[in-house]
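Engineer: model this:
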Amino acid sequence: MPLKRVVLVLELFAVLAAAAFVVMLLVYKGSGSGATSVGAQLFSTNCSSCHGANARGGIGPKLAGQVTKDFPNEADQIAFVKRGKGTMPSFAGDLTDDQIKQIVEYTRSLGG
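Structural biologist: You can find the predicted model right below:
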């Protein structure tokens, strides 16, 4: 009988630990500023296929920790995203000015 009780306690502990883990994931995913999380979502949808999920590079160049060096002025980066150049497509017709600004702000907030 005592062994069954130990197993029951361990099972209960495992269920509670799993539930706590799920809650922590949801809280973590929901944290962050509104603009950054919107920018992150827009980046994921529109940019990550080339620049990588964490903006660490892929087909396109690394942005995390680099984009502020390449574009010290945020307005220059916004203009680049709008008009595109070379393999970088123009997003002027696909995204609003506000959406482009949110993506730019997100990429500028990423560390290397």
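Engineer: tell me where the chain has helices.
Structural biologist: 2-30, 34-46, 48-51, 67-70, 74-83, 97-109 (DSSP state H).
Engineer: out of those helices, deepest packed?
Structural biologist: Burial of the helices of the chain is given as mean neighbour count (mean count of other Cβ atoms under 10 Å); helix 97-109 ranks first at a mean of 19. Glycine gets a C-beta too; all of them are placed from N, C-alpha and C.
Engineer: who does that helix touch, helix- and strand-wise?
Structural biologist: Secondary-structure packing of helix 97-109 (3 or more Cβ pairs under 8 Å, 6 or more residues apart in numbering; DSSP states H and E): helix 34-46, helix 67-70, helix 74-83.
Engineer: and for residue 55, the neighbour number?
Structural biologist: Other residues lying near residue 55 total 23 when counted by other Cβ atoms under 10 Å.
Engineer: dump the residue contacts of it.
Structural biologist: 43, 47-48, 62-64, 67, 107, 110 (Cβ atoms under 8 Å, 6 or more residues apart in numbering).
Engineer: dump these into JSON lines; add distance to residue 99 and pLDDT as well.
Structural biologist: Output for those, formatted as JSON lines (distance: Cβ to Cβ, whole Å; pLDDT from 0 to 100):
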{"residue": "43", "distance to residue 99": "10", "pLDDT": "94"}
{"residue": "47", "distance to residue 99": "11", "pLDDT": "95"}
{"residue": "48", "distance to residue 99": "15", "pLDDT": "94"}
{"residue": "62", "distance to residue 99": "22", "pLDDT": "94"}
{"residue": "63", "distance to residue 99": "16", "pLDDT": "94"}
{"residue": "64", "distance to residue 99": "20", "pLDDT": "94"}
{"residue": "67", "distance to residue 99": "17", "pLDDT": "94"}
{"residue": "107", "distance to residue 99": "13", "pLDDT": "95"}
{"residue": "110", "distance to residue 99": "17", "pLDDT": "91"}
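Engineer: ok, which pair from these is furthest apart?
Structural biologist: Comparing every pair within the contacts of residue 55 by Cβ to Cβ identifies 48 and 67 as the most remote, at 14.2 Å.
Engineer: helix or strand with the lowest mean pLDDT in the protein?
Structural biologist: Sorting the helices and strands of the chain by mean pLDDT, DSSP states H and E puts helix 2-30 at the bottom, at a mean of 68.
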